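Trainee: need a structure here:
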Amino acid sequence: MSNRGRYRGGVLPDATRRAAPNWRARDDWAAPTVPELRRIDGPRPIQRLGESSAPTPAAIRAPAPVRPRERVPGGIALDGLDQQDVDESAQFSWHDLVWRIKRMDFGPGRGANYELDLRERIRTSVGTAFPIAVLNLKGGVGKTSVVEALGSTLASVRRDPVIGIDLDGGDLSDRHGRRSHLNMLDLLQDITVTRYSDVRAHTYMNSSGFEVLGLPDYVNTNWRVERQDFIKVFSILRKHYSLVLIDCVKALNSTVMEAVLPESRALVVVSSASIDSIKKTKTTLEWLRRNGYAKLIASTVLAVNHTEPRELDTLAGKELEQLAAQVAATVVLPFDRHIHEGREIGIDRLSKESRRCYLELAAAVAERFPGRDVRRNDYRSW
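Mentor: Here you go, the predicted model:
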């Protein structure tokens with residue numbers, strides 16, 4: 001099985017843009033990603049003008065070849081899930097979803113020039129520290145994994161200080177690879193911290209240049225981060241880092257989130273592709289709207305994270321389409337075996353499709369940076 005399931009990766013950008021929709025089709029999954037642009041004004045035609053109504057042999061769908069099953073390290077066989085025969089009428093097509101809600105033009109190619117443009121967007125100057133809160137009410141959607149992979153992507157492209165703050169139970173440090181012997185509590189208690197090197201002693205940097213400020217081991221302390229703790233930590237970090245990613249707690253009405261949300265300049269709301277997760281994401285946006293954070297929704301990127309190697313069903317697809325219309329951009333993250341292993345995440349070990357999609361997610365977030373004027377963008381590469 002390829003990690004790059006047929007419609008598991010993509011970006012569904014700003015719903016206010018009205019560019020001609022298009023899609024890419026790939027027959028050779030090992031070949032470079034090259035789009036095939038098609039104008040769709042209605043339902044897909046079954047014949048072209050001047051052609052016979054009889055389908056050509058090439059138009060007849062051949063049965064998919066059965067490929068050998070491989071096993072993921074650890075003995076979990078996942079490939080077989082995509083080999084099962086399913087009723088296509090009960091499946092939701094990302095193909096159709098993108099046609100309906102995509103509003104930006106991906107341009108003439110998704111090769112080297114497209115990726116260079118994504119990187120250029122990600123490198124946009126932010127001036128002062130730019131806090132990005134990553135959240136959702138639903139557990140098990142891969143939120144912490146998204147923080148780690150997104151932060152690593154941003155740091156590797158920007159080459160300036162990028163840090164993640166772990167507020168949600170310490171899992172970010174586990175996905176980051178290693179804990180520093182000093183942590184957030186030590187930083188709060190150290191009154192001598194003034195320079196970057198002082199802060200750096202409390203963080204761990206991975207090979208991409210992404211740093212994480214972790215929580216103390218709960219086994220050895222009863223301390224829990226509170227509102228004033230975050231305020232003090234952020235006041236220290238904002239002097240030394242361009243981007244601050246926050247792995248948020250699930251309780252949006254907690255005291256610590258009362259400090260996080262007012263400071264945040266952009267949100268990444270993470271959802272899995274399951275119907276219950278998408279409904280929880282809908283509740284998340286509604287809570288933000290009703291509690292004084294409606295303006296933040298205009299700077300929100302929805303990350304639809306495939307935590308399992310299966311397709312989206314029709315009902316979930318319709319719910320997702322409604323959500324995508326509410327936020328600034330929607331990016332679909334494909335299932336990835338390396339992330340699924342549950343260990344340290346290295347972006348160099350992600351599939352090619354996953355790396356591209358995290359570049360798209362980072363670029364979508366970068367569109368919220370103050371250095372970018374979204375109104376002047378022509379979006380030719382999106």
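Trainee: Tell me, what's the model's pLDDT at the closest residue to R372 other than its chain neighbours?
Mentor: Closest residue to R372 apart from its sequence neighbours, by C-beta to C-beta, 6 or more residues apart in numbering: T124 at 5.1 Å. The C-beta positions use only the backbone N, C-alpha and C, and glycine is treated the same way. T124 carries a pLDDT score of 95 in this model.
Trainee: Any regions of the stretch 1-150 of the chain where pLDDT drops low?
Mentor: 1-110 (pLDDT under 70).
Trainee: what's the answer for the stretch 251-382 of the chain, then?
Mentor: Across the stretch 251-382 of the chain, the ranges flagged by pLDDT under 70 are 373-382.
Trainee: where along it do the strands fall?
Mentor: With DSSP state E, counting those that start in this stretch as the criterion, the stretch 251-382 of the chain has strands at 266-272, 300-305, 329-333.
Trainee: Out of these, which gets nearest to P131?
Mentor: Smallest distance to P131 across the strands of the stretch 251-382 of the chain (C-beta to C-beta): 7.9 Å, for strand 266-272.
Trainee: What pairs with that closest one, parallel or antiparallel?
Mentor: Sheet pairing for strand 266-272, assigned by DSSP bridges, gives strand 130-135 (parallel), strand 300-305 (parallel).
Trainee: Need the winner for burial among those.
Mentor: strand 300-305 (a mean of 27; mean count of other C-beta atoms under 10 Å).
Trainee: Could you tell me the angle between that one and strand 329-333?
Mentor: 20 degrees (axes from the mean of the first three to the mean of the last three C-alpha atoms, to 10 degrees).
Trainee: Render the CA-only coordinates of strand 300-305 in CSV, please.
Mentor: Extracted in CSV, the C-alpha atoms of strand 300-305 (Å, rounded to 0.1, in the frame of the first residue of the first chain):
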residue,chain,number,x,y,z
THR,A,300,-7.9,29.4,11.3
VAL,A,301,-6.5,26.6,9.2
LEU,A,302,-8.3,23.2,9.4
ALA,A,303,-6.0,20.2,9.2
VAL,A,304,-7.9,17.0,8.3
ASN,A,305,-5.5,14.3,9.6
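Trainee: which other residues reach that strand?
Mentor: Strand 300-305 has contacts (C-beta atoms under 8 Å, 6 or more residues apart in numbering) with 141-142, 145-146, 266-273, 281, 285, 288, 320, 323-324, 327-333, 361, 364-365, 368.
Trainee: isn't D168 right up against K250?
Mentor: Yes - counting by C-beta atoms under 8 Å, D168 sits close enough to K250 to count as a contact (7.1 Å).
Trainee: Tell me which of those two has more neighbours.
Mentor: Neighbour totals were compared for D168 and K250, and D168 leads with 22 against 17 (other C-beta atoms under 10 Å).
Trainee: Roughly how far does that one sit from V332?
Mentor: For D168, the distance to V332 equals 23 Å [C-beta to C-beta, to the nearest Å].
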